[in-house]
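**Student:** model this:
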Amino acid sequence: MRALLSTILVACCLSFAAAASGAKHETWYEARSPHFIVVCNAGEKQARKTALQFEQIRSVFRQYIVIASGHASPVITILAVRDENSLRELLPEYWATKGHTHPGGIFFYNLGQFEAAVQLDAQGTNPYEAIYHEYYHSLTVPYFPGLPVWLAEGLADFFGNTEVNEKEARLGEPDPGLIEELRQNRLIPLDVLFKVDHTSPYYNEQNKTSIFYAESWALTHYLMLGDNGSHKPLLMAYLQALQQGAAPEEAAAKGFGDLSKLQKALDRYVSGSSFFEVKGPAPPPVADADLRSRELSDAEADAYLGGFAALRERPQEAKPLLDQAVQLDPKLPLAYQNLGLMELFAGQRSEAFASFSKAVELDPKNALTRYFRAYLAYRQRTTATGDEQIEDDLRQAIAANPDFAPPYGLLAVYLANSNENLPEALSLAQKGVSLEPGRATYVLSLAQVLARMRRFDDAEAVAQRARASAIDPAERSSAEQFLAYLQRAKDMASENRMYESAPSATDAATRTPQGSDDGKEDTSRSGVATWEEASGLITDSRCAGVSQQIDLQTSTAMLHLRGPADGGLKMNLSFDPQPGFNPCTSLKGMRAAVLYKPDTASGQGGTITSLRVFGPAGGSDSGDAVIDGTKRSAPSEGDTGGKDAGMSATEAEGEITDVTCSGSDMLLKIATPGRQFTLHTRDYAHLDYYDDHAGPRNDEFQPCTQLKGHTVSIIFLMVEHKRYDGEMQSVEIEK
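**Tutor:** Okay, here's the model as predicted:
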């Protein structure tokens, strides 16, 4: 299964699409049951039968999979076609290459939606085994993350080979193909099997996956049903050890004991002729009132087929069908919804926004289109009106479908990044996680909210969960980037612990007698916030006795700051100072960030607690190495920024070629004489912007729309293993 957008997961309505358009359609029928939408070209009766069949499989799975029974099931659309020719028209890519496997159907996940296509006359003992295998994943992955890969796939094959008829349901029936695979090949050593993850050759290389899946099934089958189920406690002990944080080999030792004995037992089991299975009564059929069917119009058929192609990222097939659907029925919401999805995949965000807006206009209570419109608006919002629409769309999506997780996560992040109503943001993020605790995207949303609340330890623990449950490289990368950011935030908080535990003005007043003359500041008289942070350009630097003094020009004011009278200032240098460097006189002209305690309500003077200096703002006299057209400085040994993600201070001069804003995040590209850099900031509104020799930009400057095309000098901290090259500290715009 694949996840393509880190902020989006399970949907309530799905759509599908296929190959050619232009001619009059054959007749298609739609059958809707509580949890499936079947679109079928084999007649209305067959459409209803397919919906009933999948409802029965769902009931059986939920009866035996405890974790699935506690959560809502996603509504899944199944395109059920009469024969192989129809399936080839839907999935031409599987017939395009000679020798390519021709499936009897597929089940895949994309854009938060689960989808299936099945060939109704497929042959074999269980032609739907592959689809049932993936359906098992759809019911478990969102709620039960972190299963070892061998067990996840072993259980999927175990449940995938389920059969239901009018009288009984049978689970765990042995698959002759898997048994033959095991008997013809050497088994993988169990200590190797237990360590296989999603990056392992056994999971990815074609010549190794067959034996991996077969052995995973066999071991799962043995532990679940072998010897009348007597080995099940071993499996439970293994899982408990993993949940308590044990490494794979440690958990295996605790659960299974001597692996050589288990390996021999598995060999005997595979070589034997007796395999148990589970039999039970067939689940009751769906009530007639819960199963509705009808013939589809040509426009509706085009919309379903076009959506299927769009979500398989085949726009050349999707566009003619969806354009035709809109032409045939300009008031069909599904056509605009799927057109929007196709445009979103193609990177046509403005077109996708327009299509989703039209879909919302035609069907205001569709949670999916409300969510996607909010998502696009959030990615490129610039006005207060847009912000209001984002929040309204997300709240409307939640109201339309309270079990739909994506809007909870996005609304939580939106409120947190706006620094608004953090308790509600936390509640929303927790709700999203509760709906799908296995989805890394929602878990990471919760971590972001906790970080905004300065609950750094909680945020780190949650973000580590997100990384562990990530199901694709993009999700894992997002979690790792957030953890790197969080480490920097924690380092700064650790360096300035007084900031974390600083007394309020009221507390200080109760501890310091009013009118006392003990040299302590009486904050009750000033009413000033206890601590402030600022960054900018040091315009003057000097020492009075042992106390450091600087003038710092920020984007809004000139600050006149001093270090503690006893000289106990904590100063971190994010560059290699030249010989003869003197902190009293050499800081002038450098970029810096400070944590300080204001003297007055204006906050333009105060006592510095910590001072971080990033290096010279410009010029070639700093002695920094010139690399790729930039001036780069290695971090000093004591600099926590240098310890974090390989960061070092760098200046790049060149032209801004692209700017993209998403929420408070900004990503830009700058072309220097030697190379192009991609740079990032998590809060562009608080980044320092300067005109060359003219001081800070005013509050009306809009960096998201006005930076592109300017020649600039940017101070940034180099980072490693990110999709961008550095974190920006300041931007100086040249005349």
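**Student:** share the number of residues neighbouring Arg292, please.
**Tutor:** For Arg292, the neighbour count with other C-beta atoms under 10 Å is 12. Where C-beta positions appear, they are placed from N, C-alpha and C, glycine not excepted.
**Student:** isn't it right next to Pro34, touching?
**Tutor:** No: the criterion here is C-beta atoms under 8 Å, and Arg292 misses it with Pro34 at 10.5 Å.
**Student:** mind checking the pLDDT average for stretch 681-698?
**Tutor:** The average of the pLDDT scores along stretch 681-698 is 63.
**Student:** low-scoring pLDDT stretches of the stretch 251-400 of the chain, where are they?
**Tutor:** For the stretch 251-400 of the chain, applying pLDDT under 70 flags the ranges 381-386.
**Student:** show me where it has its strands.
**Tutor:** If DSSP state E, counting those that start in this stretch is used as the criterion, the strands of the stretch 251-400 of the chain fall at 278-281, 292-295.
**Student:** could I get these as TSV with distance to Ala416?
**Tutor:** Shown next, in TSV, are these (distance: least, C-beta to C-beta, whole Å):
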stretch	distance to Ala416
strand 278-281	47
strand 292-295	41
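**Student:** can you get me a residue count around Ser355?
**Tutor:** 27.
**Student:** from Pro330, how far out is it?
**Tutor:** 12 Å (C-beta to C-beta, to the nearest Å).
**Student:** also Glu181?
**Tutor:** 53 Å.
**Student:** which one's more surrounded, these two?
**Tutor:** Taking other C-beta under 10 Å, Glu181 and Pro330 do not tie; Glu181 has more neighbours (18 against 12).
**Student:** doesn't that one belong to a strand?
**Tutor:** No: Glu181: not assigned to a strand; according to DSSP: H, G, I helix; E, B strand; the rest coil it is helix.
**Student:** confidence score at the residue nearest to it when sequence neighbours are not counted?
**Tutor:** Nearest in space to Glu181, with sequence neighbours left out and distances taken as C-beta to C-beta, 6 or more residues apart in numbering, is Ala214 at 4.1 Å. You'll see Ala214 listed with a pLDDT of 90.
**Student:** check the one 10 residues further on too.
**Tutor:** Per-residue confidence for Met224 comes out at a pLDDT of 89.
**Student:** 51 is where my numbering starts, stick with that
**Tutor:** All set: I'll call the first residue 51, so the last point we hit is now Met274.
**Student:** let me see the domain layout of the protein.
**Tutor:** When the chain is parsed with automatic domain parsing, its domains come out as 224-326, 575-666, 675-783.
**Student:** possible to save those as a markdown table with distance to Ile107?
**Tutor:** Below are the domains of the chain laid out as a markdown table (distance: least, C-beta to C-beta, whole Å):
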| stretch | distance to Ile107 |
| --- | --- |
| domain 224-326 | 17 |
| domain 575-666 | 57 |
| domain 675-783 | 40 |
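**Student:** out of those domains, flag the one nearest Arg515.
**Tutor:** domain 224-326 (11.9 Å; C-beta to C-beta).
**Student:** and that closest one, how far out from the chain's middle?
**Tutor:** Domain 224-326 sits 31 Å away from the centroid of its parent chain (C-alpha atoms, centre = their mean, to the nearest Å).
**Student:** what of stretch 525-534?
**Tutor:** That offset, for stretch 525-534, works out to 9 Å (C-alpha atoms, centre = their mean).
**Student:** next: stretch 502-515.
**Tutor:** How far stretch 502-515 lies from its chain's middle: 15 Å, per C-alpha atoms, centre = their mean.
**Student:** stretch 361-381 now?
**Tutor:** Distance of stretch 361-381 from the chain centroid (C-alpha atoms, centre = their mean) equals 28 Å.
**Student:** let me know the secondary structure of Ser780.
**Tutor:** Under three-state DSSP, the three-state class of Ser780 is strand.
**Student:** just to check, it is in contact with Leu737?
**Tutor:** Yes: between Ser780 and Leu737 there is a contact under C-beta under 8 Å: 6.8 Å.
**Student:** what about these two, which has more around it?
**Tutor:** More crowded of Ser780 and Leu737, by other C-beta under 10 Å: Ser780, with 25 against 17.
**Student:** if I look at that one, how far off is His730?
**Tutor:** According to C-beta to C-beta, Ser780 and His730 sit 14 Å apart.
**Student:** is Trp708 in contact with Ile720, as I believe?
**Tutor:** If you look again at residue 708, you'll see it is Asp, not Trp. No: contact criterion C-beta under 8 Å: Asp708 and Ile720 do not qualify, at 9.1 Å.
**Student:** between these two, which is the more surrounded one?
**Tutor:** Neighbours were counted for Asp708 and for Ile720 using other C-beta under 10 Å; Ile720 has more, 29 against 13.
**Student:** ok, now which ones touch the more buried one?
**Tutor:** The contact partners of Ile720, by C-beta atoms under 8 Å, 6 or more residues apart in numbering, come to 702, 704-707, 726-727, 729, 762, 764.
**Student:** hey, what's it bridged with?
**Tutor:** On the basis of DSSP bridges, Ile720 is bridged to Ile706, Phe727.
**Student:** ok, it to Thr728 distance?
**Tutor:** Distance from Ile720 to Thr728, by C-beta to C-beta: 8 Å.
**Student:** for Cys634, same thing?
**Tutor:** From Cys634 across to Thr728, the span is 37 Å (C-beta to C-beta).
**Student:** from Ile128, how far off is Gln293?
**Tutor:** Here the criterion is C-beta to C-beta. By it, Gln293 lies 34 Å from Ile128.
**Student:** ok, the two, which is more surrounded?
**Tutor:** When Gln293 and Ile128 are compared on other C-beta under 10 Å, the one with more neighbours turns out to be Ile128, at 26 against 10.
**Student:** secondary structure element for the more buried one?
**Tutor:** Per DSSP states H and E: Ile128 is located in strand 126-131.
**Student:** that strand pairs with which strands, parallel or anti?
**Tutor:** Here, using DSSP bridges, strand 126-131 pairs with strand 86-90 (parallel), strand 163-169 (parallel).
**Student:** any idea which of these scores lowest on pLDDT?
**Tutor:** When the strands paired with strand 126-131 are compared by mean pLDDT, strand 163-169 comes last with a mean of 81.
**Student:** tell me the angle whichever helix or strand comes after that one makes with strand 126-131.
**Tutor:** Beyond strand 163-169 on the C-terminal side, the first helix or strand identified by DSSP H and E is helix 179-190. Here helix 179-190 runs at an angle of 170 degrees relative to strand 126-131 (axes from the mean of the first three to the mean of the last three C-alpha atoms, to 10 degrees).
**Student:** CA atoms of helix 179-190 as CSV?
**Tutor:** Output in CSV follows, covering the C-alpha atoms of helix 179-190 (Å, rounded to 0.1, in the frame of the first residue of the first chain):
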residue,chain,number,x,y,z
GLU,A,179,-7.1,-14.0,-2.2
ALA,A,180,-4.8,-11.1,-3.1
ILE,A,181,-7.6,-8.6,-2.6
TYR,A,182,-8.6,-10.1,0.7
HIS,A,183,-4.9,-10.0,1.7
GLU,A,184,-4.8,-6.2,1.1
TYR,A,185,-8.2,-5.7,2.6
TYR,A,186,-6.8,-7.2,5.8
HIS,A,187,-4.1,-4.6,5.8
SER,A,188,-6.7,-1.8,5.3
LEU,A,189,-8.5,-2.9,8.5
THR,A,190,-5.3,-3.2,10.6
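**Student:** packing partners for the next helix-or-strand element following it?
**Tutor:** Next along the chain after helix 179-190, taking DSSP H and E as the criterion, comes helix 199-210. If you count contacts as 3 or more C-beta pairs under 8 Å, 6 or more residues apart in numbering; DSSP states H and E, helix 199-210 packs onto helix 179-190, helix 256-279.
**Student:** many thanks, we can stop here.
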